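*Asks:* Here is the input, now give the coordinates:
(one chain, ligands or ions: 1)
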Amino acid sequence: MRILLVNPWIYDFSAYDLWSKPLGLLYLASIFRNLDCEISLIDCLDRFHPTLANFYSPKSNLWGCGKYYPQVVDKPVILAPYPRRYKRFGLPGQIFCQEIEKIPPPDIILVTSGMTYWYPGVIETVNIIKQKIPKIPIILGGTYATLCTEHAKKYTKADFIFSGSAGEIKPLFFLIEKLTGKKFASEKIPDSFLEFPPPDYNFYQHLEYIVLRTSVGCPFQCSYCAVSQFSPFLQKKAENVVQEIIFLHEKYQVKNFVFYDDALLVNSQEHIPKILKEIKETKLKLFFHTPNGLHPRFISEETAQLLYQTNFVQPRLSLETTNPERQKKTGNKITNEEFIQAIKNLNRVGYQTKNIGVYLMYACPEENLNEVYESVNFVHQLGAKVLLVEYSPIPGTKDWVTYNFNFPDPLLQNNSIFPLYPLEYWQEFQKLKDYVRKLNQRLTGK
Ligand code: SF4
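*Replies:* The predicted model follows:
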């Protein structure tokens, strides 16, 4: 069976390759290969696509992150009031079309999707595929497809919307069998994420980092977060994770490893310490990154020591707010005391506090901006770097129900427009961002 996998463009006001790879597709590619399928992947967000070099020179920082190729596009009418340029990020359209023309005709096409408000990229991707290879069924999966299933059914030309989870992926394979009339060797289809093989990175000519997961889901239920909608919390066995990392390092000669886990440190006695102790013993010179933020509650001195010894670079911690009421109300994942202890532990084992990033959320429901300034000052006084995150209303979350959010067009869920606040607030938010920038500059001297 021939399968085409596609990662669409991002449409947004801004976007940056902060270790972004279509990991779900790369796991599927690996599974399909084990099932003797012939796979092609078009990743519209591959900054190092060979033909893209005719348009721009991709630059990366020390850890492999960098800017996407941007093209200014017309803003959708609903976003017209927002005074920012709207862009499509990723491969120019002609490269995408050439790629589709180059590949052998597939039996089935799987398109993934990211943030709900990036759906114009999904619509465009599916439209072009339908024009170029009209009769091949397209299955759309991923975040937008799962959280906005009805919208995706209505507005994309995908033939099927798959909103399944990594906890149970067999239904996807049954659907493909039904659509293609071809059979897989069923014993080779993994039951769940726990049996997934390492992701397949063979499609990339230039790789600066590898992303992977040791777990899916999260045992917490924060009121603003949709993670638990995608999968129950499942962690791979520590020894399997270590083998995977060694395999990927040897195969692709990449040193930067990025964990996409939402709860990497949970089950802290059994999971991450075991993984890191084994990694340490290999003496491999690797670097680890955690863009999704670590739970400070689980950073004991021993865990901090292992993070440091195995080169977790500039760890990012999830705090969100220092308001105890809000901490309790939104899910109880952290207290200020636990956070202070985590910073102390990290500092004691060798991390300079200025190299610790701390996520703080703002533009939340029922929020007074003074509360955000207090959180910012609290983190700054501990010597850590503040990383502001704009609140986004996400369908299916507790907040969505509690506050009776009504954003039928996912474009209005974009955190860049501060969906809960009128435009008059932008100035205040800008002042906050400027304030944080100055504080962070004071720490780093840059
Ligand atoms: S702890 Fe993090 S990943 Fe888990 S539910 Fe809360 S915000 Fe989501």
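*Asks:* ok, Ala304 to Ser186 distance?
*Replies:* 45 Å (CB to CB, to the nearest Å). Where you see a C-beta, it was placed from the backbone N, CA and C, and this is true even at glycine.
*Asks:* which of the two has more neighbours?
*Replies:* Comparing Ala304 with Ser186 by other CB atoms under 10 Å, the one with more neighbours is Ala304, at 23 against 11.
*Asks:* That one is in what secondary structure piece?
*Replies:* Counting by DSSP states H and E, the element that carries Ala304 is helix 301-309.
*Asks:* Quick check: next helix or strand after that helix?
*Replies:* Downstream of helix 301-309 (by DSSP H and E), the next one is strand 316-320.
*Asks:* Touching the next helix or strand after that following strand from outside, list them.
*Replies:* With elements assigned by DSSP H and E, the helix or strand that comes after strand 316-320 is helix 324-330. Under the criterion CB atoms under 8 Å, 6 or more residues apart in numbering, residues Cys222, Ser223, Tyr224, Glu320, Thr321, Lys333, Ile334, Thr335, Asn336, Cys364, Glu371 lie in contact with helix 324-330.
*Asks:* Say whether the ligand is contacted by helix 324-330.
*Replies:* No. Helix 324-330 lies apart from the ligand when judged by CB under 6 Å from any ligand atom; the minimum separation is 8.1 Å.
*Asks:* Can you list the buried residues in that helix?
*Replies:* Arg326, Gln327, Thr330 (16 or more other CB atoms under 10 Å).
*Asks:* Closest one of those to Leu234?
*Replies:* Nearest to Leu234 out of the buried residues of helix 324-330 is Thr330 (CB to CB; 23.7 Å).
*Asks:* Show me what from the chain comes close to the ligand.
*Replies:* Contacts of the chain with the ligand, taken as CB under 6 Å from any ligand atom, map to Cys218, Phe220, Gln221, Cys222, Cys225, Val227, Asp262, Ala263, Ser318, Gly331, Lys333.
*Asks:* and with 8 Å instead?
*Replies:* Contacts of the chain with the ligand, taken as CB under 8 Å from any ligand atom, map to 218-222, 224-228, 262-263, 292-293, 295, 318, 320, 331, 333.
*Asks:* Okay, Asn355 and the ligand: tell me how far apart.
*Replies:* Going from Asn355 to the ligand by CB to the nearest ligand atom, to the nearest Å gives 22 Å.
*Asks:* backbone phi and psi for that residue, please?
*Replies:* According to degrees, to the nearest 10, the main-chain angles of Asn355 amount to phi -100, psi 10.
*Asks:* was I right about it contacting Asn347?
*Replies:* No. The criterion here is CB atoms under 8 Å, and Asn355 misses it with Asn347 at 10.0 Å.
*Asks:* Next, the residue of the stretch 251-400 of the chain found nearest the ligand: secondary structure please.
*Replies:* For the stretch 251-400 of the chain, the residue closest to the ligand is Asp262, as judged by CB to the nearest ligand atom, at 3.6 Å. Classification of Asp262 using DSSP: H, G, I helix; E, B strand; the rest coil returns coil.
*Asks:* No further queries at this time; thank you.
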